[in-house]
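Q: Predicted model follows, preceded by the sequence.
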Amino acid sequence: MHSPYISALKQSDTKKIIAFLRQQYGEKYYGADEVHFEWLYQNFPCDWFQPYRDKGLFPGNAIFADDGTINALHLYLPFDAQTPTGTAVGIFDEEWISNGVVKGGGRLLASHLLSQVNVYCGLGCNDLSENAFKKIGLTFRNEIPRLVAVLDKPGLSTLLSDSGYSDAIASLPQQQSPTEAWHLIENCSSIPSDLIQVCWDQMTFGVPHDRRWLDWRFDQHPYISYQVISPDADGNRGVAVIRIEQPLHTGLKVARIVDFLAPHGQEGSVMMAAASFAVEQNCLLIDFTMSSEAAVDTIQKQSALKGLSLDRNPHVPYMYQPCAYGSKSNVNMAIWTSLNAEVMNFSAVKSDSTQDVIRSPDTAAQLS
């Protein structure tokens, strides 16, 4: 075999990419579902990547064997990063896998991509990748912030007991009982433009969610339905985008906030409306993951002023398909930037990467 070379993937390579993912992770792997795959990698809105898309390129790189099969694969989700100095080239690391034929192929692919972007982020990366990310210069953040309100402690306790986690019941946070008014906004296309602009303007470093992005990410999702909740009927004070999940093999529900748009000073009102909605839907809890330390502090403080106590990274399950604890109470994040920006305040939520998916034991990665 010749020395390994890195090639940019083309849209015509999609069948090879899906076949490689299934070979590595199993035939039912959710990341290789054709409908989800096309929506995620072919339809996303991103200004900096559009010229490459127009040329028939796919957001990824690979190391090919002499016969054209893939030996190592690196897929990414491009985004227009908002930074202290303006918009820049950003990517979320989505699939990073080698079949072991090319020694060091994975690191070669990551280093190659790192040289081409301003912001590189891996959201939900596992503990085993920590050393690999650190060796190529990324900051590895264990257990990024997650805010949780338990809404039905007896019900959650029963779920834990039935799932084999009886020992964890004693450490559950106190139950919250919000009863504020909430309003259902029809869809993300109905979110006020002024609110979207305000939230964009107040972001210093992160992933801005403009009208195109919100429409693609939530209204056009091929499998998941989302609820848009606001403290007022027109949504001007802010919105929370919520996914209702059912713990596998149960009739129970949990509420996951996957996006949160609120002007400064309205964070508590939006969170209170979201939690009140979740109570009326008989959810066991509501949670929200966000990587920005400063933003999480603000949301927690503003919610407390409204009477809603949010625990940060408590010992509750963070997976519900099926209900399960991990080694930590939330996902990890790896991040690097070439810009003068504080990585601890990089703002990303579950919906920015593939942390919000239809996951089950069957569709999860089946690693040998």
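A: Great, that's in hand.

Q: who touches residue 29 in this structure?
A: Counting by C-beta atoms under 8 Å, 6 or more residues apart in numbering, residue 29 makes contact with 21, 22, 363, 364, 365, 366. Just so you know, the C-beta spots here come from the backbone N, C-alpha and C atoms, and that holds for glycine as well.

Q: Please tell me how far it sits from residue 18.
A: With distances taken as C-beta to C-beta, to the nearest Å, residue 29 is found 9 Å from residue 18.

Q: ok, now residue 280?
A: For residue 280, the distance to residue 18 - C-beta to C-beta - is 41 Å.

Q: So between those two, which is more surrounded?
A: residue 18 (17 against 11; other C-beta atoms under 10 Å).

Q: Settle this for me: residue 253 is touching residue 286, isn't it.
A: No: checked against C-beta atoms under 8 Å, the pair residue 253 and residue 286 is beyond contact range at 10.3 Å.

Q: Who has more neighbours out of these two?
A: Higher neighbour count among residue 253 and residue 286: residue 286, with 29 against 19, using other C-beta under 10 Å.

Q: beta partners of the more buried one?
A: residue 149, residue 255 (DSSP bridges).

Q: where are the low-confidence patches of this protein?
A: Applying pLDDT under 70 to the chain flags residues 1-4, 368.

Q: ok, residue 267 to residue 305 distance?
A: 9 Å.

Q: more crowded one of these two?
A: A side-by-side neighbour count of residue 267 and residue 305, using other C-beta under 10 Å, places residue 267 first with 21 against 11.

Q: Correct me if wrong: the more buried one contacts residue 302.
A: Yes: in this structure, residue 267 is within contact of residue 302 by C-beta under 8 Å, at 4.0 Å.

Q: quick one, domains of the chain?
A: 6-141, 146-326 (automatic domain parsing).

Q: quick one, which of those is nearest to residue 349?
A: The closest of the domains of the chain to residue 349 is domain 146-326. By C-beta to C-beta, the value is 5.3 Å.

Q: next one: that closest one to chain centre, how far?
A: 13 Å (C-alpha atoms, centre = their mean, to the nearest Å).

Q: so how far is the first residue of that domain from its last?
A: Distance across domain 146-326, first residue to last, is 14 Å (C-alpha to C-alpha, to the nearest Å).

Q: before we move on, what about stretch 307-323?
A: Note: stretch 307-323 ends 28 Å apart using C-alpha to C-alpha.

Q: residues touching the closest residue to residue 35 other than its chain neighbours, list them.
A: The spatial neighbour of residue 35 that comes closest, neighbours along the chain excluded (C-beta to C-beta, 6 or more residues apart in numbering), is residue 222 at 4.9 Å. By C-beta under 8 Å, 6+ apart, the residues touching residue 222 are 35, 36, 39.

Q: Same question for residue 225.
A: Residue 225 neighbours (C-beta under 8 Å, 6+ apart): residue 243.

Q: Wasn't it part of a helix?
A: No: read with DSSP: H, G, I helix; E, B strand; the rest coil, residue 225 is coil and lies in no helix.

Q: quick one on the thing from earlier: narrow the contacts of residue 29 to those in helices?
A: The helices, defined by DSSP state H, take in 21, 22 from those.

Q: For the stretch 51-200 of the chain, which segments count as strands?
A: Remark: strands assigned in the stretch 51-200 of the chain by DSSP state E, counting those that start in this stretch are 57-64, 70-83, 86-98, 119-123, 139-141, 146-150, 183-185.

Q: Among those strands, which comes closest to residue 246?
A: Nearest to residue 246 among the strands of the stretch 51-200 of the chain is strand 146-150; the distance by C-beta to C-beta comes to 17.4 Å.

Q: elements contacting that closest one?
A: strand 285-289, helix 293-305, strand 311-312 (3 or more C-beta pairs under 8 Å, 6 or more residues apart in numbering; DSSP states H and E).

Q: Just the angle for the longest one relative to strand 146-150, thanks.
A: Taking axes from the mean of the first three to the mean of the last three C-alpha atoms, to 10 degrees, one finds helix 293-305 and strand 146-150 inclined to each other by 20 degrees.

Q: Mind listing residues that contact helix 293-305?
A: Contacts of helix 293-305 (C-beta under 8 Å, 6+ apart): 145, 147, 260, 262, 264-269, 271-272, 288, 290, 309-310, 312, 344-345, 347.

Q: ok, 6 Å please
A: 145, 267, 268, 271, 290, 310, 344, 345, 347 (C-beta atoms under 6 Å, 6 or more residues apart in numbering).

Q: Adding distance to residue 211 as columns, could you present those in TSV?
A: Formatted as TSV, these follow (distance: C-beta to C-beta, whole Å):
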residue	distance to residue 211
145	27
267	22
268	26
271	23
290	21
310	29
344	29
345	25
347	18
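
Q: Of these, which is the most crowded?
A: residue 271 (31 neighbours).
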